[in-house]
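J.: no sequence on hand, only this structure:
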């Protein structure tokens, strides 16, 4: 996320009137205000594609005008994502793109979210007996008007 965009999201903008009195330029109820959240799941060991390790990243925007009481705890989304991934049938060996589309759609439909972007970032794999997969790779799936995630390698632990 660019620093300009972060500052727009993180700070209330004040305007100064002609007489020098500060007035609120945007309130929390203004349609221009967007409330977003992001989180990661690091080092998840999936049963898919030979028990690979991956990081999962989620960035989402709440429904416009969401009340404080309706904001979900991100741990609920995290639990839903882990439950989804734990239920993957490794015998079907689905593509990361397929899993990500299904997971991202499930999260969007199950929570008060107007836009979401999800990234599955799979670690390089050089284990004997499995196909060699050099470099970090994975899938990005985006629903709605939100900038897609694009994390190329995981940050250091």
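T.: Perfect, thanks for sending it. Computed from a predicted model, the values in this text were never measured in an experiment.
J.: spatially central, which residue of the protein would that be?
T.: residue 58 (1.4 Å; C-alpha atoms, centre = their mean).
J.: contacts only, for it.
T.: By C-beta atoms under 8 Å, 6 or more residues apart in numbering, the contact list for residue 58 reads 38, 39, 40, 77, 78, 81, 107, 116, 117, 118, 119. Every C-beta, even on glycine, is put in place using the N, C-alpha and C of the backbone.
J.: helices or strands next to the longest helix seen in the chain in the packing?
T.: Criterion DSSP state H: the longest helix present in the chain is helix 96-110. Here helix 96-110 touches helix 48-51, strand 53-62, helix 74-86, strand 113-122, strand 137-143, going by 3 or more C-beta pairs under 8 Å, 6 or more residues apart in numbering; DSSP states H and E.
J.: pull the distance from the third one to the chain's centre.
T.: In this case it means helix 74-86. Counting by C-alpha atoms, centre = their mean, to the nearest Å, helix 74-86 is centred 12 Å from the centre of its parent chain.
J.: which residues touch residue 86?
T.: residue 47.
J.: what's the spacing between it and residue 48?
T.: 11 Å (C-beta to C-beta, to the nearest Å).
J.: residue 84 too?
T.: In terms of C-beta to C-beta, residue 84 sits 11 Å off from residue 48.
J.: the more surrounded of these two?
T.: residue 48 (19 against 16; other C-beta atoms under 10 Å).
J.: could you say which helix or strand holds the closest residue to the more buried one other than its chain neighbours?
T.: Of all residues not flanking residue 48 in the chain, residue 88 sits nearest, at 5.1 Å (C-beta to C-beta, 6 or more residues apart in numbering). Residue 88 belongs to no helix or strand when assigned by DSSP states H and E.
J.: for burial, what's the neighbour tally of residue 88?
T.: Residue 88: 18 neighbours (other C-beta under 10 Å).
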